[in-house]
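Enquirer: could you work out the structure for the sequence below:
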Amino acid sequence: MSQSTFDDDDLFGEAAEETRAEVEEHLAAAREALPDPDAVWETDADNVLGALNGLKSALDAEDAIEGVRSAKKAYVLGERADAFDDADDLKAEIEELESLVGDIEAAAEEVSSLTGTVPAIRGALQDAADSGDEDAAE
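Expert: Residues are numbered from 1 along each chain as shown. Down below sits the predicted model:
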């Protein structure tokens with residue numbers, strides 16, 4: 001029977017490896033949860049509102065955002081504990097994904113705004129056209 005080791009340095013080393021693995025797993029999950037590039041780019045909608053609604057759905061990145069958040073929490077914990085010998089790659093990947101999901105969130109907000117604005121503009125244009133038709137008929 002082998003003897004278990006409870007040496008602080010050995011345990012810390014194991015914990016550091018586990019923390020790094022946890023960060024990497026969360027980053028992989030975040031990448032996997034990113035919106036599909038084709039779904040963001042292509043549409044089979046019949047009108048602008050349909051295209052906007054499709055884009056709004058395609059830009060759903062909540063799971064990716066949660067994955068980045070979880071990765072960053074584990075990274076910060078490991079960094080503050082000085083558990084990583086070299087974690088520049090993790091930091092760079094977290095920053096890259098943070099920026100990407102931030103851009104996706106911003107685009108989703110803009111699309112949501114347009115989803116409300118475009119039908120209102122169409123209605124106003126129809127009213128203006130109808131008003132112009134009535135004036136011409138008089």
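
Enquirer: and after the helix or strand containing residue 14, which helix or strand comes next?
Expert: Using DSSP states H and E, residue 14 sits in helix 8-33. Heading C-terminal from helix 8-33, the first helix or strand you meet, by DSSP H and E, is helix 37-41.

Enquirer: average pLDDT for the longest helix anywhere in the chain?
Expert: As assigned by DSSP state H, the longest helix anywhere in the chain is helix 88-137. For helix 88-137, the mean pLDDT works out to 92.

Enquirer: quick one: list the elements packing against the helix holding residue 14.
Expert: Counting contacts by 3 or more C-beta pairs under 8 Å, 6 or more residues apart in numbering; DSSP states H and E, helix 8-33 is packed against helix 62-80, helix 88-137. Using the backbone N, CA and C atoms, a C-beta is placed for each residue, glycine as well.

Enquirer: format those as CSV; extra columns: distance to residue 55.
Expert: Output for the helices and strands packed on helix 8-33, formatted as CSV (distance: least, C-beta to C-beta, whole Å):
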stretch, distance to residue 55
helix 62-80, 16
helix 88-137, 5
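
Enquirer: quick one: closest of those to residue 45.
Expert: Closest to residue 45 of the helices and strands packed on helix 8-33 is helix 88-137 (C-beta to C-beta; 12.1 Å).
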